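# structural data only, the sequence is not supplied:
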């Protein structure tokens with residue numbers, strides 16, 4: 001099937017414009033070298049993409065230059081002179097990798113990471129800044145007031161959260177509404193057609209979409225920017241035969257009879273629609289009634305093009321319920 005260019009949509013409650021899919025940038029400059037990273041981002045933009053997902057911490061788990069993902073994107077934007085065409089976004093306030101149990105959400109931590117990201121990305125303003133984690137020992141008042149100061153200073157335009165529980169998001173949005181300040185403009189959570197079992201998470205600071213969070217998005221219309229949107233390619237690997245049903249390489253958080261059943265239903269729907277399993281997996285996310293901009297992780301241009309084929313797929317409510 002022909003790869004269609006993505007639509008650019010206004011993000012609800014903001015003047016930000018975002019493409020249907022965001023390009024995952026965690027491995028840019030590291031697992032993918034700079035030249036190949038530039039080619040991948042070029043191909044993504046050529047198909048209408050404008051949001052490369054990154055974070056100040058990306059690549060810091062490798063013996064390479066710190067924040068290599070941000071720096072690679074910054075070099076690419078400078079070389080292509082295309083910053084004005086992009087929704088520049090990054091994440092910060094992540095714990096240090098050697099001390100994940102120690103949160104970094106003080107005003108000083110937030111300012112430090114924003115300034116570092118501005119330098120890495122070689123920009124003066126970040127369009128959409130996302131808190132990578134939460135610190136439940138701090139009040140939402142303290143966190144939101146610090147972020148609003150950065151908005152007033154022109155360092156960031158809008159901000160969101162990642163790996164926050166529904167209860168904390170509600171608390172933050174209630175405070176923002178009550179005090180007439182900016183609240184979260186988006187939520188980035190782990191979410192895919194394959195359900196993730198949070199009891200099997202190696203990193204217990206991650207937060208996955210659940211029924212309560214889904215209901216909150218339905219009620220409020222808060223945009224979602226799901227990561228791990230293809231569950232490490234699980235359904236595609238099952239469909240191609242690369243993985244057996246109970247393959248040892250499957251992450252424990254995804255290895256369940258329920259996900260195998262979901263895969264079989266997705267495979268049936270893909271056959272009925274004459275679409276690929278990848279398209280159905282991504283179509284599931286973008287067919288919800290609230291705005292969803294999935295982050296797609298691609299190593300190659302062929303993987304990118306396969307994912308982008310889903311851009312025009314909208315499933316019916318009956319099809320969504322069937323997949324679940």
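That came through, no problem. All values reported here derive from a predicted model rather than from experimental measurement.
# which parts of the stretch 151-300 of the chain are helices?
When assigned using DSSP state H, counting those that start in this stretch, the helices of the stretch 151-300 of the chain occupy the ranges 166-179, 211-220, 234-240, 257-273, 277-286.
# again but with the stretch 1-150 of the chain, I slipped
For the stretch 1-150 of the chain, applying DSSP H, counting those that start in this stretch gives helices covering 34-46, 68-80, 107-121, 140-152.
# circling back: which of the helices of the stretch 151-300 of the chain sits most buried?
helix 277-286 (a mean of 25; mean count of other Cβ atoms under 10 Å). Heads up, the C-betas are built off the backbone N, CA and C, glycines and all.
# centre of the chain to that helix, how far?
15 Å (Cα atoms, centre = their mean, to the nearest Å).
# again with stretch 55-67
18 Å.
# buried stuff in that stretch?
55-60, 67 (16 or more other Cβ atoms under 10 Å).
# filter these down to the ones in strands?
Using DSSP state E, no member of the buried residues of stretch 55-67 falls within strands.
# low-scoring stretches of the protein, by residue?
Applying pLDDT under 70 to the chain flags residues 1-4.
# residue furthest from the geometric center of it?
residue 272 (29.0 Å; Cα atoms, centre = their mean).
# residues contacting that one?
If a contact means Cβ atoms under 8 Å, 6 or more residues apart in numbering, then residue 272 has no contacts.
# that one and residue 322, how far apart?
10 Å (Cβ to Cβ, to the nearest Å).
# find the centremost residue of this protein, please.
residue 227 (3.8 Å).
# surely that one touches residue 26?
No - in this structure, residue 227 is not within contact of residue 26 by Cβ atoms under 8 Å, at 9.0 Å.
# what's the overlap in contacts for the two?
residue 53.
# for residue 264, see how far away residue 60 is.
Distance from residue 60 to residue 264, by Cβ to Cβ: 39 Å.
# swap in residue 43?
32 Å.
# cool, residue 73 as well?
38 Å.
# same check on residue 20?
Counting by Cβ to Cβ - residue 20 and residue 264 are separated by 27 Å.
# quick one on the thing from earlier: who's the residue nearest to the centre of the chain bridged to?
Here residue 227 sits in beta bridges with residue 190, going by DSSP bridges.
# please report the number of neighbouring residues for residue 221.
Other residues near residue 221 come to 12 when the count uses other Cβ atoms under 10 Å.
# need the helices of the stretch 151-300 of the chain in TSV with distance to residue 200, can you?
Below are the helices of the stretch 151-300 of the chain laid out as TSV (distance: least, Cβ to Cβ, whole Å):
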stretch	distance to residue 200
helix 166-179	20
helix 211-220	18
helix 234-240	14
helix 257-273	12
helix 277-286	20
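# identify whichever of those lies nearest to residue 154.
helix 166-179 (19.4 Å; Cβ to Cβ).
# tell me what that closest one is packed against?
The elements that helix 166-179 packs onto, with contact taken as 3 or more Cβ pairs under 8 Å, 6 or more residues apart in numbering; DSSP states H and E, are helix 140-152, strand 156-162, helix 211-220.
# list the buried ones in the first one?
Of the residues in helix 140-152, those scored as buried under the neighbour-count criterion (16+ other Cβ under 10 Å) are 140, 143-144, 146-148, 150-151.
# got the contact list for the nearest residue to residue 165 once chain neighbours are set aside?
Taking Cβ to Cβ, 6 or more residues apart in numbering, and ignoring the residues beside it in sequence, residue 165 has residue 207 as its nearest neighbour in space, at 5.9 Å. By Cβ under 8 Å, 6+ apart, residue 207 lies in contact with 163-165, 189-190, 198.
# make a PyMOL selection of the buried ones in those residues.
This is the PyMOL syntax for the buried subset of the contacts of residue 207, where burial follows 16+ other Cβ under 10 Å:
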select buried, resi 163+164+165+189+190
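# so what does the strand or helix carrying residue 302 touch, helix or strand wise?
For residue 302, the host element (DSSP states H and E) is helix 301-308. Helix 301-308 makes packing contacts with helix 34-46, helix 277-286, strand 295-296 when contacts are defined by 3+ Cβ pairs under 8 Å, 6+ apart.
# how about these, which one is nearest residue 175?
Nearest to residue 175, of the helices and strands packed on helix 301-308 and by Cβ to Cβ, is strand 295-296 at 27.3 Å.
# note down every partner strand of the closest one and its orientation.
strand 22-24 (parallel).
# right, and residue 90 touches residue 118 too?
No - with contact defined as Cβ under 8 Å, residue 90 does not count as touching residue 118 (9.2 Å).
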